[in-house]
Each structure stands twice: as C-alpha cells, then as structure tokens.
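> please work out how this folds:
(4 chains)
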2 protein chains.
Amino acid sequence: MTDFNAASFLDTLGLRATRPRLAIAHILFADGQNRHVTAEWLAEKVGQQGEPVALATIYNTLHSLVDAGVLRIVRGTGNDNIVFDTYTRPHHHFLDERTGELTDIPDGHLTLGNLPTAPDGRTIAGYDIIIRLS
Amino acid sequence: MTDFNAASFLDTLGLRATRPRLAIAHILFADGQNRHVTAEWLAEKVGQQGEPVALATIYNTLHSLVDAGVLRIVRGTGNDNIVFDTYTRPHHHFLDERTGELTDIPDGHLTLGNLPTAPDGRTIAGYDIIIRLS
DNA sequence: GTACATGCAAAAGCTTTGCAAGGAC
DNA sequence: GTCCTTGCAAAGCTTTTGCATGTAC
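Numbering: from 1, shown residues only, chains lettered A, B, ... in the order given. Presented below is the predicted three-dimensional model:
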C-alpha cells in the first residue's frame, strides 16, 4: 500500500497523471482491496482527503478506468446508481436488500449447473448472478 | 384470450376498473403471453389503441400491478429503464448486449450448482441471473 | 506547444410527486 | 357522496455534454 505508485499505475494504463486521477487511483487501488463504489461516494471520499473534484470528472475517470480494464460495472444492483467494482475477474454478488450493500461472493463458492445454449447465432459473453439477502 | 375480462381481472386484484387500467391490463394479460415491457413502450402501445394515457399514470398502474403480484421488476438489465415482466415465477434472463432485449430462459434450463451460505443472520431471498449475449 | 483533462453549468433522460379535476362504486 | 385515479406540470436524481480554461508531457 505504501509502495503503491499512483503515477506509474496511471501511466501503465495510458492515462495522464492528473490530480483527480491520482487521488482516485489512490483511494481505489492503493491497498489492493476489492471495493464497490459509486461516483457519489468517491467524490465525497476525494473531497475528504484534499481538494474536491467535480462529479463530472469523477465519472470521466471511472469510465476511463473501466475502459482500461481495471474497474468493472456491476449490473443489477437494483438501485439507480452505477456501481463500479475494483475486482474485475468474473465473480458474483450478494445484494443486501435492506441496505443496498453489495458484497463479493468468494470465488468458487457458486457454480452454474448447466448453462443454457445461446439462441440463434449468439454467443454467451458472460453471466451475472445477484443473490438477494433479506 | 378473447375471453379475458379485464374488469374482473382488476377487480380480483382490488383495483378499480378505470380506462387506463383496462387498457393496460388488456395489453399485458389478454393473451396470456409473457412480456417484458417498459413504461415508455406501454404508453405508446396504449396510445395506438385509443386514448393516450399519461406516463405518470402508466407508472402508477405498473407499480400497482407489481404490488398486486401480477408483475415483477427485472433487475440488472443494464439500461436505465425499469423493465416489468409479466412472468412472476422465479426465472432468469438472456440479455442481448447489442439490442438491450431481454428474453426468458426456459424454466429448468438453468440451475445453480451450490448456493453459498448467506452471511451472518441473513437469509437468501432469491437470486437473479442475467446471461449476457454478444 | 499541443493534445488531453478539468470544472462548471446546463441538458438529458427516467421516474416520482403535488394537487386540482374527474370518475368508480 | 366519498375515496381512489387521473393528468398535467414541475421537481428530483443520476449521469452526460459543451465549452472555455488549465495542465501534463
């Protein structure tokens, strides 16, 4: 974590090391933990640690990071906000219906018995499973 | 289908048989087929068949039908619009990533191998699976 | 110096709400 | 007559866009 270098991290992705991006990269990736974040949450977090960043810029950066392959968008959270996940490998989620909180399901703890065949000439790009908790 | 009686259908649900509701019930349930609809689509469809109905009323009615248990909201469609499904039993969906179109996966064609255990004192309320097609 | 990022404010899109007028029962 | 619905317009929210300013390289 202390040896996380946000500038070179961004450079590797082909993104310029601007102040907003450095702050965001640090918050999301410095400690190597998996996170589920919304633009709103991130904007507040950034603001707490220094200069605030415009929400539009937060969205810009999040989408850039998705394009760069280090973030992924989680479908089906049920609330309207886009949720970005720092864990990009295939995995699935628990959704707490009371709090809206999203947590990872440990890998290998969930398997699909038999995938149906894709209709027509389509191929299956992947699947998302949301387990609802009450 | 031709013997579908929208008025008594609504009555059974405890909803007054108003013009907008009759039109909507007819479109959604008269032929007994499963449908995935958005408020937008339904508003247009209603308008084609007679008097237009305000979008706010469409939403009102759709939510009333969800509350009555004859519609269900589909999570995770990836687009922003709420999708209502006339098929209320547990089942899952194909999502065509090119068109955004949602289709049912025939029942029994998809099973979860092993559900993970719910964390803490929570119970699993259900699960939603979206298979993405490309 | 140049191309890319930022920030602000405004636009866009979907959904909900408030309230007066209308209609079911 | 009473209570529920409707319709309209306006508000609410999240996300995106346009454009001038700023800045990394």
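> how about the residue minimising distance to the centre of chain A, what does it touch?
Closest to where the C-alpha atoms of chain A average out (C-alpha atoms, centre = their mean) is residue A:85, at 1.8 Å. With contacts defined as C-beta atoms under 8 Å, 6 or more residues apart in numbering or on different chains, residue A:85 is in contact with A:34-36, A:71-74. To be clear about C-beta, it is placed using only N, CA and C from the backbone, and glycine gets the same treatment.
> rerun that using 10 Å as the cut-off
A:34-37, A:66, A:71-74, A:91, A:93, A:102, A:104 (C-beta atoms under 10 Å, 6 or more residues apart in numbering or on different chains).
> regarding the closest residue to residue A:27 other than its chain neighbours, which helix or strand does it belong to?
Spatial nearest neighbour of residue A:27, excluding adjacent residues (C-beta to C-beta, 6 or more residues apart in numbering or on different chains): residue A:45 at 5.4 Å. When elements are assigned from DSSP states H and E, residue A:45 belongs to helix A:39-48.
> tell me which strands and helices that helix is in contact with?
helix A:19-29, helix A:55-67, strand A:83-85 (3 or more C-beta pairs under 10 Å, 6 or more residues apart in numbering or on different chains; DSSP states H and E).
> near DNA strand D, anything from that helix?
Yes - residues of helix A:39-48 are located near DNA strand D by C-beta under 7 Å from any atom of the strand, namely A:39-40.
> can I get that helix as CSV, trimmed to CA atoms?
Extracted C-alpha coordinates of helix A:39-48, given in CSV (Å, rounded to 0.1, in the frame of the first residue of the first chain):
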residue,chain,number,x,y,z
ALA,A,39,-19.4,8.2,-8.1
GLU,A,40,-21.1,9.9,-5.3
TRP,A,41,-19.2,8.0,-2.6
LEU,A,42,-15.9,8.6,-4.4
ALA,A,43,-16.5,12.3,-4.8
GLU,A,44,-17.0,12.6,-1.1
LYS,A,45,-14.0,10.5,-0.3
VAL,A,46,-11.8,12.6,-2.6
GLY,A,47,-13.1,15.7,-1.0
GLN,A,48,-12.2,14.5,2.5
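> does residue A:67 touch residue A:88 like I think?
No - with contact defined as C-beta atoms under 10 Å, residue A:67 does not count as touching residue A:88 (12.0 Å).
> near DNA strand C, which residues of chain A show up?
A:15-16, A:18-21, A:51-54, A:56-57, A:60-61, A:64.
> pull out the buried residues from those.
Using 16 or more other C-beta atoms under 10 Å in any protein chain shown as the burial test, these include A:15, A:20-21, A:53, A:57, A:61, A:64 as buried.
> from the residues you listed, which two are the most distant?
Greatest spatial distance in these: A:15 and A:53, 14.8 Å, computed using C-beta to C-beta.
> related to what we said a few turns ago, any idea what the residue nearest to the centre of chain A is bridged to?
Residues in a beta bridge with residue A:85, per DSSP bridges, are residue A:36, residue A:72.
> need the pLDDT of it.
With respect to pLDDT, residue A:85 has a value of 95.
> returning to that earlier point: take the contacts of residue A:85 and lay them out in a markdown table including distance to DNA strand D, pLDDT and neighbour count.
Formatted as a markdown table, the contacts of residue A:85 follow (distance: C-beta to the nearest atom of the strand, whole Å; pLDDT from 0 to 100; neighbours: other C-beta atoms under 10 Å in any protein chain shown):
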| residue | distance to DNA strand D | pLDDT | neighbour count |
| --- | --- | --- | --- |
| A:34 | 19 | 92 | 13 |
| A:35 | 16 | 93 | 16 |
| A:36 | 13 | 94 | 17 |
| A:37 | 11 | 95 | 21 |
| A:66 | 10 | 96 | 16 |
| A:71 | 13 | 96 | 22 |
| A:72 | 14 | 92 | 17 |
| A:73 | 9 | 91 | 13 |
| A:74 | 11 | 88 | 19 |
| A:91 | 21 | 87 | 18 |
| A:93 | 16 | 90 | 23 |
| A:102 | 13 | 88 | 18 |
| A:104 | 20 | 88 | 15 |
